[in-house]
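Asks: no FASTA, just this:
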């Protein structure tokens, strides 16, 4: 992704002026966030790397998912946007995808439900005639001070959203993915470093890493590649919906780069892993995390 000093300065300035904020309702919404996440890099130059492809992106209404949907549209792909109930954010993503001349399909529902996942894949294939790329990106997390007080029902919901959904969607997608197809899973830096306040979330992200590596071995002979992206602190609606006002304001400051990342800085990883550029890469994880050192 081409960047200039002006672009970097704009990113840093936006994050240095992040006001106190918290969203009481989960999942978070992008529209109320201040500053708005940078979801679309105007300096990115597309090369038709996904021309004629059809992609399904979960959590595609906002944050990293929206950025992936937009950069995929720039590269020539039609995009099915799966989301829970953030209808305004989803409509905005649809409009932005269509502004790049590609088709967008909105599918609302709970990815923790197996039937919904199979229906979402079926709707995508019905609309686009095929499915080439599956991006398992939807996720949630809840802070918990200690294991003794953790809500076990919420823990189960976190696992259903974050990792069960990947089994459901991947299983459904395999009926349609052909040689050259790609599955890309969103993990997290917490899979490698842990998080004392996000115990169940971190555990699901570790499971995603292992799921990615294992499924890649199973599908290699079919010519379907499976890889993942493990972002560090990225400025998305999940953050103000999960943390206190002070934690939100300081979010990302403890990275070597001294700031949170933007969705537009993560999205090119998903293009690389979906395109022929990575034709000899499977079972791997990319780490856009602001310089945190992980043992991958």
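Replies: Thanks, I have it. Keep in mind that this is a model prediction, so the values were computed, not measured. Residues are numbered from 1 along each chain as shown.
Asks: then residue 247 would be within a helix, right?
Replies: Yes. Counting by DSSP: H, G, I helix; E, B strand; the rest coil, residue 247 is found in a helix.
Asks: how many residues are close by it?
Replies: Close neighbours of residue 247, defined as other C-beta atoms under 10 Å, add up to 14. C-betas here are computed from N, CA, C, even on glycine.
Asks: and it, how far from residue 198?
Replies: 12 Å (C-beta to C-beta, to the nearest Å).
Asks: and what of residue 61?
Replies: From residue 61 to residue 198 the distance is 22 Å (C-beta to C-beta).
Asks: of those two, who's got more company?
Replies: Neighbours per residue, other C-beta under 10 Å: of residue 61 and residue 198, the larger number sits with residue 61, 30 against 20.
Asks: now do the SS call for the more buried one.
Replies: Assigned with three-state DSSP, residue 61 falls in the coil class.
Asks: so it sits right up against residue 79, yeah?
Replies: No. The pair residue 61 / residue 79 is not scored as a contact, 11.6 Å apart, by C-beta atoms under 8 Å.
Asks: chain neighbours aside, what residue packs nearest to residue 124?
Replies: Nearest residue to residue 124, sequence neighbours excluded (C-beta to C-beta, 6 or more residues apart in numbering): residue 80, at 4.0 Å.
Asks: partner residues bridging that neighbour?
Replies: When assigned by DSSP bridges, residue 80 has beta-bridge partners residue 56, residue 105.
Asks: with residue 226 instead?
Replies: Beta-bridge partners of residue 226, as defined by DSSP bridges: residue 183.
Asks: any idea how far it lies from residue 182?
Replies: 8 Å.
Asks: more neighbours: those two, which one.
Replies: residue 226 (26 against 23).
Asks: which ones are touching the more buried one?
Replies: Residue 226 makes contacts with 182, 183, 184, 185, 212, 215, 216, 219, 282, 283, as judged by C-beta atoms under 8 Å, 6 or more residues apart in numbering.
Asks: distance to residue 240 added to those residues, as TSV?
Replies: Shown next, in TSV, are these (distance: C-beta to C-beta, whole Å):
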residue	distance to residue 240
182	31
183	30
184	26
185	24
212	28
215	33
216	34
219	37
282	35
283	34
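Asks: so which of those belong to helices?
Replies: Counting by DSSP state H, these place 212, 215, 216, 219 in helices.
Asks: and those as JSON lines, adding neighbour count, pLDDT and distance to residue 53?
Replies: JSON lines is the format used below for the ones in helices among the contacts of residue 226 (neighbours: other C-beta atoms under 10 Å; pLDDT from 0 to 100; distance: C-beta to C-beta, whole Å):
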{"residue": "212", "neighbour count": "25", "pLDDT": "98", "distance to residue 53": "20"}
{"residue": "215", "neighbour count": "20", "pLDDT": "98", "distance to residue 53": "20"}
{"residue": "216", "neighbour count": "19", "pLDDT": "98", "distance to residue 53": "20"}
{"residue": "219", "neighbour count": "19", "pLDDT": "98", "distance to residue 53": "18"}
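Asks: which among those gets closest to residue 265?
Replies: Nearest to residue 265 among these is residue 212, at 21.1 Å by C-beta to C-beta.
Asks: buried residues in stretch 123-131?
Replies: Residues of stretch 123-131 classed as buried: 123, 124, 125, 128, 131 (neighbour count, 16 or more other C-beta atoms under 10 Å).
Asks: my bad, should have said stretch 30-42
Replies: Buried-residue list, stretch 30-42, by 16+ other C-beta under 10 Å: 30, 33, 37, 38, 39, 40, 41.
Asks: repeat that for stretch 179-188.
Replies: Residues of stretch 179-188 classed as buried under the neighbour-count rule (16+ other C-beta under 10 Å) are 181, 182, 183, 184, 185, 186, 187, 188.
Asks: so which of the residues you listed comes closest to residue 48?
Replies: Among the buried residues of stretch 179-188, residue 182 lies closest to residue 48 (C-beta to C-beta), at 16.4 Å.
Asks: the closest one touches residue 224, doesn't it?
Replies: Yes. With contact defined as C-beta under 8 Å, residue 182 reaches residue 224; the gap is 7.1 Å.
Asks: returning to what we had before: which of the buried residues of stretch 30-42 sits closest to residue 160?
Replies: residue 30 (23.2 Å).
Asks: check contacts around the closest one.
Replies: 36, 37, 61, 62, 63, 66, 86, 89, 92, 236, 237.
Asks: residue 96 touches residue 40, doesn't it?
Replies: Yes. Look at residue 96 against residue 40 with C-beta under 8 Å: they come within range, at 7.2 Å.
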